[in-house]
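**Student:** here's a sequence, model it:
(one chain, ligands or ions: 3)
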Amino acid sequence: VNGKIEIPVVVNVLYRTSAQNISDAQIQSQIDVLNKDFNALNSDYNNVPALFSGVKANVGITFVLDQIIRKSTTKSSWGTNDAMKKTAQGGIAPTSPTTKLNIWTCTIGGGILGYAQFPGGASSTDGVVIDPRYFGLSGTANAPFNLGRTATHEVGHWMNLRHIWGDATCGSDLVADTPTHNEENYGVPAYPHYSTCSGTPVEMTMNYMDYVDDKAMYMFSTGQKNRIAAIFTSGGARASFAQ
Ligand code: ARG
Ligand code: ZN
Ligand code: CA
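**Tutor:** Numbering: from 1, shown residues only. Ligands and ions are numbered 1, 2, ... in the order given. Alright, predicted model coming up:
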(Lines give C-alpha, C1' and ligand atoms only; values in the text may rest on other atoms or scores of the structure.)
(Ligands and ions follow the chains in the order given, each with its own letter.)
Protein backbone atom coordinates (compact mmCIF):
# COMPACT_ATOMS: atom_id res chain seq x y z
CA VAL A 1 0.00 0.00 0.00
CA ASN A 2 1.34 3.42 -0.96
CA GLY A 3 1.81 5.75 1.96
CA LYS A 4 0.56 4.90 5.38
CA ILE A 5 -2.89 3.49 5.90
CA GLU A 6 -4.08 3.63 9.48
CA ILE A 7 -7.55 2.26 10.16
CA PRO A 8 -9.50 3.31 13.26
CA VAL A 9 -11.39 0.33 14.65
CA VAL A 10 -14.71 0.50 16.52
CA VAL A 11 -15.52 -2.67 18.44
CA ASN A 12 -19.24 -3.22 19.11
CA VAL A 13 -19.74 -5.79 21.87
CA LEU A 14 -23.18 -7.43 22.10
CA TYR A 15 -23.35 -9.66 25.16
CA ARG A 16 -25.96 -11.85 26.82
CA THR A 17 -23.69 -13.41 29.44
CA SER A 18 -21.04 -11.55 31.41
CA ALA A 19 -18.38 -13.76 29.78
CA GLN A 20 -19.47 -12.47 26.37
CA ASN A 21 -18.86 -8.93 27.62
CA ILE A 22 -15.21 -9.43 26.74
CA SER A 23 -12.55 -7.33 28.43
CA ASP A 24 -10.81 -4.29 27.00
CA ALA A 25 -7.59 -6.34 27.22
CA GLN A 26 -9.02 -9.11 25.05
CA ILE A 27 -10.15 -6.52 22.52
CA GLN A 28 -6.73 -4.85 22.47
CA SER A 29 -5.10 -8.28 22.02
CA GLN A 30 -7.12 -8.68 18.81
CA ILE A 31 -6.02 -5.27 17.53
CA ASP A 32 -2.43 -6.29 18.29
CA VAL A 33 -2.84 -9.51 16.26
CA LEU A 34 -4.20 -7.54 13.30
CA ASN A 35 -1.21 -5.21 13.47
CA LYS A 36 1.20 -8.14 13.54
CA ASP A 37 -0.47 -10.15 10.78
CA PHE A 38 -0.93 -7.20 8.39
CA ASN A 39 2.67 -6.03 8.91
CA ALA A 40 4.49 -9.37 8.68
CA LEU A 41 5.39 -9.02 12.37
CA ASN A 42 3.69 -12.26 13.43
CA SER A 43 6.13 -14.58 15.17
CA ASP A 44 5.23 -17.46 12.83
CA TYR A 45 5.93 -15.46 9.64
CA ASN A 46 9.29 -17.20 9.35
CA ASN A 47 7.51 -20.57 9.25
CA VAL A 48 6.49 -19.80 5.66
CA PRO A 49 8.09 -22.56 3.53
CA ALA A 50 10.98 -21.60 1.26
CA LEU A 51 8.77 -22.37 -1.73
CA PHE A 52 6.67 -19.31 -0.88
CA SER A 53 9.37 -17.02 0.53
CA GLY A 54 9.41 -15.03 -2.72
CA VAL A 55 5.71 -14.21 -2.52
CA LYS A 56 5.06 -13.76 1.18
CA ALA A 57 4.12 -10.16 1.85
CA ASN A 58 3.94 -7.35 4.36
CA VAL A 59 0.54 -5.78 3.59
CA GLY A 60 1.51 -2.69 5.59
CA ILE A 61 -1.77 -1.52 7.13
CA THR A 62 -2.07 -0.34 10.73
CA PHE A 63 -5.12 -0.66 13.01
CA VAL A 64 -5.84 1.66 15.93
CA LEU A 65 -8.51 0.96 18.54
CA ASP A 66 -10.85 3.96 18.32
CA GLN A 67 -13.66 3.03 20.70
CA ILE A 68 -15.50 0.16 22.32
CA ILE A 69 -19.31 0.21 22.46
CA ARG A 70 -21.09 -2.31 24.68
CA LYS A 71 -24.73 -3.36 24.76
CA SER A 72 -26.48 -6.15 26.61
CA THR A 73 -28.97 -8.32 24.77
CA THR A 74 -31.27 -11.27 25.39
CA LYS A 75 -30.51 -12.81 21.99
CA SER A 76 -28.49 -16.03 22.16
CA SER A 77 -27.59 -16.09 18.46
CA TRP A 78 -27.65 -13.36 15.83
CA GLY A 79 -27.30 -15.26 12.57
CA THR A 80 -25.71 -13.77 9.44
CA ASN A 81 -28.42 -11.35 8.25
CA ASP A 82 -26.79 -8.25 9.81
CA ALA A 83 -29.32 -7.90 12.66
CA MET A 84 -26.42 -7.09 15.02
CA LYS A 85 -25.80 -3.92 12.97
CA LYS A 86 -29.35 -2.56 13.36
CA THR A 87 -30.61 -0.67 16.38
CA ALA A 88 -34.21 -1.60 15.54
CA GLN A 89 -33.27 -5.27 15.81
CA GLY A 90 -31.46 -4.85 19.13
CA GLY A 91 -28.04 -4.41 17.59
CA ILE A 92 -25.61 -1.50 17.35
CA ALA A 93 -25.46 0.68 14.23
CA PRO A 94 -21.93 1.18 12.86
CA THR A 95 -19.98 4.28 13.85
CA SER A 96 -18.57 6.34 10.92
CA PRO A 97 -18.44 3.28 8.63
CA THR A 98 -16.86 5.14 5.70
CA THR A 99 -13.78 6.02 7.75
CA LYS A 100 -13.72 3.42 10.54
CA LEU A 101 -13.70 -0.37 10.50
CA ASN A 102 -16.56 -1.61 12.66
CA ILE A 103 -16.25 -5.01 14.28
CA TRP A 104 -19.18 -6.62 16.09
CA THR A 105 -18.52 -9.39 18.59
CA CYS A 106 -21.63 -11.47 19.20
CA THR A 107 -22.74 -15.08 19.06
CA ILE A 108 -23.53 -15.83 15.42
CA GLY A 109 -24.62 -19.46 15.71
CA GLY A 110 -24.56 -22.28 13.16
CA GLY A 111 -20.88 -23.01 13.82
CA ILE A 112 -19.87 -19.76 12.13
CA LEU A 113 -16.75 -18.11 13.50
CA GLY A 114 -17.15 -14.82 11.69
CA TYR A 115 -18.31 -13.13 8.49
CA ALA A 116 -17.44 -9.98 6.62
CA GLN A 117 -18.88 -7.51 4.15
CA PHE A 118 -16.81 -7.09 0.98
CA PRO A 119 -15.97 -3.60 -0.34
CA GLY A 120 -18.79 -1.97 -2.30
CA GLY A 121 -21.70 -2.84 0.00
CA ALA A 122 -23.99 -0.58 2.03
CA SER A 123 -22.24 1.57 4.66
CA SER A 124 -25.00 0.77 7.14
CA THR A 125 -23.90 -2.86 7.28
CA ASP A 126 -20.18 -2.45 6.60
CA GLY A 127 -17.66 -4.22 8.79
CA VAL A 128 -16.95 -7.67 10.18
CA VAL A 129 -18.67 -9.86 12.76
CA ILE A 130 -16.82 -12.30 15.00
CA ASP A 131 -18.03 -14.67 17.68
CA PRO A 132 -16.41 -13.81 21.06
CA ARG A 133 -15.20 -17.42 21.32
CA TYR A 134 -12.86 -16.78 18.39
CA PHE A 135 -11.86 -13.18 19.07
CA GLY A 136 -8.47 -12.08 20.38
CA LEU A 137 -6.21 -13.96 22.73
CA SER A 138 -7.19 -15.52 26.09
CA GLY A 139 -10.46 -14.57 27.83
CA THR A 140 -13.30 -16.22 25.91
CA ALA A 141 -11.06 -17.30 23.00
CA ASN A 142 -11.21 -21.05 22.32
CA ALA A 143 -8.56 -23.31 20.74
CA PRO A 144 -7.92 -23.97 17.89
CA PHE A 145 -9.24 -20.50 17.00
CA ASN A 146 -7.66 -18.56 19.84
CA LEU A 147 -4.86 -16.70 18.05
CA GLY A 148 -7.00 -13.93 16.60
CA ARG A 149 -6.81 -15.21 13.03
CA THR A 150 -10.56 -15.22 12.47
CA ALA A 151 -10.36 -11.41 12.47
CA THR A 152 -7.31 -11.49 10.20
CA HIS A 153 -9.25 -13.69 7.75
CA GLU A 154 -12.45 -11.59 7.95
CA VAL A 155 -10.58 -8.29 7.60
CA GLY A 156 -8.92 -9.89 4.57
CA HIS A 157 -12.41 -10.29 3.05
CA TRP A 158 -13.31 -6.74 4.11
CA MET A 159 -10.25 -5.67 2.10
CA ASN A 160 -11.49 -7.60 -0.96
CA LEU A 161 -9.66 -10.93 -0.60
CA ARG A 162 -11.47 -14.10 -1.65
CA HIS A 163 -11.00 -17.55 -0.19
CA ILE A 164 -7.83 -19.08 -1.57
CA TRP A 165 -9.78 -22.00 -3.14
CA GLY A 166 -12.14 -19.58 -4.87
CA ASP A 167 -15.20 -21.19 -3.19
CA ALA A 168 -15.21 -23.90 -5.88
CA THR A 169 -13.26 -27.04 -6.73
CA CYS A 170 -10.01 -25.69 -8.24
CA GLY A 171 -11.64 -22.25 -8.19
CA SER A 172 -9.87 -18.90 -8.47
CA ASP A 173 -9.20 -16.30 -5.78
CA LEU A 174 -8.36 -13.75 -8.53
CA VAL A 175 -4.78 -13.60 -7.25
CA ALA A 176 -2.04 -14.88 -9.58
CA ASP A 177 0.67 -15.79 -7.06
CA THR A 178 -1.46 -18.07 -4.88
CA PRO A 179 -1.67 -21.69 -6.10
CA THR A 180 -4.97 -23.21 -7.22
CA HIS A 181 -6.37 -25.21 -4.32
CA ASN A 182 -8.72 -28.18 -4.67
CA GLU A 183 -10.93 -26.95 -1.87
CA GLU A 184 -10.66 -25.47 1.60
CA ASN A 185 -8.23 -27.05 4.07
CA TYR A 186 -8.92 -27.59 7.76
CA GLY A 187 -6.89 -28.35 10.87
CA VAL A 188 -3.11 -28.30 10.56
CA PRO A 189 -2.23 -29.69 7.10
CA ALA A 190 1.04 -31.56 6.65
CA TYR A 191 3.49 -29.83 4.27
CA PRO A 192 3.67 -30.22 1.34
CA HIS A 193 0.03 -30.71 0.48
CA TYR A 194 -0.37 -31.11 -3.28
CA SER A 195 -3.33 -29.80 -5.21
CA THR A 196 -4.78 -32.12 -7.86
CA CYS A 197 -5.81 -29.08 -9.92
CA SER A 198 -4.01 -28.17 -13.16
CA GLY A 199 -0.22 -28.30 -12.66
CA THR A 200 -0.62 -30.05 -9.27
CA PRO A 201 0.95 -27.17 -7.31
CA VAL A 202 1.81 -27.34 -3.61
CA GLU A 203 -1.08 -25.61 -1.87
CA MET A 204 -0.44 -22.48 0.20
CA THR A 205 -2.38 -23.89 3.16
CA MET A 206 -0.70 -21.40 5.52
CA ASN A 207 -2.43 -18.47 3.84
CA TYR A 208 -4.85 -16.48 6.03
CA MET A 209 -7.56 -16.96 3.40
CA ASP A 210 -7.73 -20.74 3.81
CA TYR A 211 -9.85 -22.41 6.56
CA VAL A 212 -7.06 -24.02 8.60
CA ASP A 213 -6.62 -23.65 12.38
CA ASP A 214 -5.30 -20.32 13.67
CA LYS A 215 -1.81 -21.71 14.32
CA ALA A 216 -1.61 -23.10 10.76
CA MET A 217 -2.19 -19.74 8.96
CA TYR A 218 0.52 -17.08 8.91
CA MET A 219 0.92 -15.30 5.56
CA PHE A 220 -0.59 -13.07 2.87
CA SER A 221 0.95 -13.06 -0.62
CA THR A 222 2.20 -10.15 -2.73
CA GLY A 223 -0.74 -10.60 -5.09
CA GLN A 224 -3.13 -10.33 -2.14
CA LYS A 225 -1.29 -7.25 -0.90
CA ASN A 226 -1.70 -5.64 -4.33
CA ARG A 227 -5.39 -6.55 -4.46
CA ILE A 228 -5.82 -4.89 -1.05
CA ALA A 229 -3.83 -1.82 -2.06
CA ALA A 230 -6.07 -1.30 -5.10
CA ILE A 231 -9.23 -0.76 -3.06
CA PHE A 232 -7.57 1.98 -1.00
CA THR A 233 -6.36 3.97 -4.01
CA SER A 234 -8.31 6.90 -5.46
CA GLY A 235 -11.49 5.51 -7.01
CA GLY A 236 -11.21 2.29 -5.01
CA ALA A 237 -14.11 1.09 -2.87
CA ARG A 238 -12.28 1.90 0.36
CA ALA A 239 -10.46 5.05 -0.72
CA SER A 240 -12.24 6.95 2.09
CA PHE A 241 -10.12 5.04 4.64
CA ALA A 242 -6.81 6.22 3.15
CA GLN A 243 -6.58 9.90 4.04
N1 ARG B 1 -15.71 -17.33 7.91
C2 ARG B 1 -14.96 -18.45 8.42
C3 ARG B 1 -15.90 -19.32 9.23
O4 ARG B 1 -16.77 -18.82 9.90
C5 ARG B 1 -13.80 -18.01 9.28
C6 ARG B 1 -12.66 -18.94 9.26
C7 ARG B 1 -11.56 -18.45 10.16
N8 ARG B 1 -10.51 -19.44 10.32
C9 ARG B 1 -9.67 -19.45 11.35
N10 ARG B 1 -8.70 -20.32 11.42
N11 ARG B 1 -9.78 -18.60 12.33
O12 ARG B 1 -15.78 -20.53 9.22
ZN1 ZN C 1 -13.90 -16.52 4.79
CA1 CA D 1 -4.62 -17.94 -7.16
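**Student:** could you check how far the residue of the chain found nearest ligand 3 is from residue 207?
**Tutor:** Across the chain, no residue is closer to ligand 3 than residue 178, which sits at 3.7 Å (Cβ to the ion). For the C-beta atoms, the positions are set from N, CA and C on the backbone; glycine is no exception. In this view, residue 178 and residue 207 are 6 Å apart by Cβ to Cβ, to the nearest Å.
**Student:** and those two? Which one has more around it.
**Tutor:** Neighbours around residue 178 and residue 207, counted as other Cβ atoms under 10 Å, are more numerous at residue 207. The numbers are 30 against 27.
**Student:** find the nearest non-adjacent residue to that one, please.
**Tutor:** Closest residue to residue 207 apart from its sequence neighbours, by Cβ to Cβ, 6 or more residues apart in numbering: residue 164 at 5.0 Å.
**Student:** what helix or strand is that neighbour on?
**Tutor:** Using DSSP states H and E, residue 164 sits within no helix or strand.
**Student:** ok, it touching residue 210?
**Tutor:** Yes: with contact defined as Cβ atoms under 8 Å, residue 164 counts as touching residue 210 (5.0 Å).
**Student:** quick one, which of the two is more surrounded?
**Tutor:** Relative neighbour count places residue 164 above the other of residue 164 and residue 210, with 28 against 23, counting by other Cβ under 10 Å.
**Student:** and the more buried one, how far from residue 188?
**Tutor:** Separation of residue 164 from residue 188 (Cβ to Cβ): 16 Å.
**Student:** could you pull out the buried residues of the longest helix seen in the chain?
**Tutor:** Longest helix of the chain, by residue count under DSSP state H: helix 24-37. Buried residues in helix 24-37, counting neighbours by 16 or more other Cβ atoms under 10 Å, are found at 26-27, 29-34, 36-37.
**Student:** for those, give me JSON lines that also has pLDDT.
**Tutor:** What follows is the buried residues of helix 24-37, written out as JSON lines (pLDDT from 0 to 100):
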{"residue": "26", "pLDDT": "97"}
{"residue": "27", "pLDDT": "98"}
{"residue": "29", "pLDDT": "98"}
{"residue": "30", "pLDDT": "98"}
{"residue": "31", "pLDDT": "98"}
{"residue": "32", "pLDDT": "98"}
{"residue": "33", "pLDDT": "98"}
{"residue": "34", "pLDDT": "98"}
{"residue": "36", "pLDDT": "98"}
{"residue": "37", "pLDDT": "99"}
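**Student:** before we move on, the earlier item: which neighbours do residue 178 and residue 207 have in common?
**Tutor:** Taking Cβ atoms under 8 Å, 6 or more residues apart in numbering as the criterion, residue 178 and residue 207 both touch 164, 221, 224.
**Student:** read off the pLDDT value for the first one.
**Tutor:** In other words, residue 164. Per-residue pLDDT puts residue 164 at 98.
**Student:** would you mind listing what in the chain touches ligand 1?
**Tutor:** Neighbours of ligand 1 within the chain, by Cβ under 6 Å from any ligand atom: 112-115, 145, 149-150, 153, 211-214, 217.
**Student:** mind running it again at 5 Å?
**Tutor:** Applying Cβ under 5 Å from any ligand atom, we find that the chain lies next to ligand 1 at 112-113, 145, 149-150, 153, 214.
**Student:** sorry, back to before: and the residue nearest to residue 207, what are its phi and psi?
**Tutor:** Here is the backbone geometry of residue 164 (degrees, to the nearest 10): phi -60, psi -20.
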